[in-house]
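Chemist: The sequence and its predicted three-dimensional model are supplied below.
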Amino acid sequence: MTQLQDSFLTGVPTGLLLDGEWVRTERTLEVDDPATGMVLAHVSDADVSDGLEAVSAAHRAFGPWAAAAPRVRAEVLRRAYEIMSAEAEQCARLIVLENGKAWSDAVAEVTYAAEFFRWFSEEASRVPGDFRLAPGGDKTIIVDHQPMGVAYMITPWNFPAAMATRKLAPALAAGCTAVLKPAAETPLTALWVAEVLRRAGVPAGVVNVVVTSEPGPVSEAILADRRTATLSFTGSTPIGKLLLALTATRALPSSMELGGNAPLLVLEGADVEKAVDGAMVAKMRNGGSACTAANRFYVHESLATEFTAAFERALGALRIGSGLDPANDLGALVSIRERDKVLDLLERAAEEGGRPGPAAEVPATGAFIAPRVVRDVVHGQTLTRQEIFGPVAPIVTVESTDQAVELANDTEFGLISYVFAADAGEGIGVARRMESGMVAVNRGVASDPAAPFGGMKESGLGREGGFAGIHEFLEPRYLAVDL
Ligand code: NAD
């Protein structure tokens, strides 16, 4: 493999961010471009002592940052929003290089990611409190909110910018300091985001970044350290449960954004064209590598043939290739390993009786995979049970709305559901029966920095974004006062 000669990458930090300084370690880890297999960079690889140094820096910085006026914190975040928006193209390029996704997906991610800085710059000054006479009249109840302290943040590779800002923005707005551990597959974007915050005026130690090839031991040490006050994790359900067990030993507050298995319902009387448009976004955003990706499609028997054919045509029209070419609609998955997982699932589906549609040509090198509809899938088979994380759409035909709802809810996950119905009224009625933290009605995307993102059941604990997001980093403080 050769070193990619990309002059743009020379300006991107590749060290650890500790106490406001970029620090090089002797040991490095390699970051690859999944579309070409080429090496993009060698990034400093933190060990346990680097992780603990990051906690020390964040702990030292906490007092002054927590005491800073909310407006001061708001203005730093606002500047970060402005820098990120002005340099969106650079960030998108970085995301494409290390993650592989399509250019349009990367651009959309940067917009979404930057919006968290803007939303929480506005929220920093709006944390509500409470001041009232107790019902018994014996005291005054005052409730305000204090920042928790050092927040440890772990993010996945599928949205390397947005998953970082969705945690950093509310934490910083609340007055917390941060130790961010991005996924080893896509650390460059997180390092770039940290540099944006530095340029926006975040004081030394308020944001620290540790990239590591040993997430287990480093996280264990950080979580065991009494100076760490909270954990915010986004990733798979098995790793989330492992971390919950660790946090339990210290009764450490934690917010968990975990895996999904989103159902997409196309109900009797739904507008098929609208449902196909929505399905394309719900399934194909990020090439299917999204916790919110529609994972299984329950289509009413009266529409199944028409919907499936139209969906397959739309998938077949996608241009597949390097995300650096904006003309391509579908880029590479994050790694050959992830691509092979999806190919294995397809094979399994065929063994179980599913009928995958034709596969389009994909570039010979890199982690590319053709999008496929799989017909004749029966609820309970592998594709309806497991997060696919790729461009594969299993279709299950249903006889009624009640059956669709029952099958959709028959899962341990509960992040998001999609409902396509004849009208919004019916759609809302069905949405209220879905066991998920979010429901998109007659549309293929729900995520918005101004709305609470999060799941029920094994999809997680807590909410990010919206009015709730900042409270994941605040502790209510009740004062009983004789007045
Ligand atoms: P993953 O759980 O393998 O990794 C997520 C993060 O955890 C990475 O930073 C990784 O380095 C770290 N990690 C791995 N082992 C660890 C350990 N033992 N201790 C501490 N940290 C550890 O998930 P992934 O493959 O990177 O991402 C895909 C998963 O993330 C999917 O299940 C997806 O649904 C989920 N996800 C959820 C959301 C959400 O908001 N609910 C958003 C994006 C992705």
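Modeler: Great, that's in hand.

Chemist: residues touching the residue in the stretch 101-250 of the chain positioned nearest to the ligand, list them.
Modeler: Across the stretch 101-250 of the chain, the shortest distance to the ligand (Cβ to the nearest ligand atom) belongs to residue 235, at 2.6 Å. C-beta here means a position set from N, CA and C on the backbone, and glycine is covered the same way. By Cβ atoms under 8 Å, 6 or more residues apart in numbering, the contact set of residue 235 is 154, 155, 156, 183, 257, 258.

Chemist: will you turn those into TSV that also has neighbour count, secondary structure and pLDDT?
Modeler: Output for the contacts of residue 235, formatted as TSV (neighbours: other Cβ atoms under 10 Å; DSSP: H, G, I helix; E, B strand; the rest coil; pLDDT from 0 to 100):
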residue	neighbour count	secondary structure	pLDDT
154	24	strand	99
155	28	coil	98
156	20	coil	98
183	22	coil	98
257	27	strand	98
258	26	coil	98
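
Chemist: would you list the residues you listed in TSV and tack on distance to residue 368?
Modeler: Shown next, in TSV, are the contacts of residue 235 (distance: Cβ to Cβ, whole Å):
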residue	distance to residue 368
154	28
155	24
156	21
183	20
257	28
258	27
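
Chemist: Please identify which pair of those lies farthest apart.
Modeler: Within the contacts of residue 235, 183 and 258 form the most distant pair, 14.6 Å apart (Cβ to Cβ).

Chemist: And the contacts of residue 235, which is closest to residue 88?
Modeler: Once Cβ to Cβ is applied, the member of these that ends up nearest residue 88 is residue 155, at 19.2 Å.

Chemist: which ones are touching the closest one?
Modeler: So residue 155 contacts 163, 164, 167, 180, 181, 182, 183, 190, 234, 235 (Cβ under 8 Å, 6+ apart).

Chemist: pLDDT score assigned to the last one?
Modeler: Going back to what we said before, that points to residue 235. For residue 235, the pLDDT comes out at 98.

Chemist: Likewise for the first one?
Modeler: What the model reports for residue 163 is a pLDDT of 98.

Chemist: Over to the one 4 residues further on?
Modeler: At residue 167 the predicted local confidence, pLDDT, stands at 98.

Chemist: That one - how many residues pack around it?
Modeler: As a burial measure, residue 167 scores 28 neighbours (other Cβ atoms under 10 Å).

Chemist: Just the element for it, please.
Modeler: Residue 167 belongs to helix 162-174 when assigned by DSSP states H and E.

Chemist: helices and strands around that helix, which ones?
Modeler: For helix 162-174, the packing partners by 3 or more Cβ pairs under 8 Å, 6 or more residues apart in numbering; DSSP states H and E come out as helix 70-86, helix 103-123, strand 150-154, strand 177-181, helix 187-199, strand 228-234.

Chemist: Once you drop chain neighbours, what's closest to the residue most central in space within the chain?
Modeler: With distances taken as Cα atoms, centre = their mean, residue 163 lies nearest the centre of the chain, 4.5 Å away. Residue nearest to residue 163 in three dimensions, not counting chain neighbours: residue 155, with 4.0 Å by Cβ to Cβ, 6 or more residues apart in numbering.
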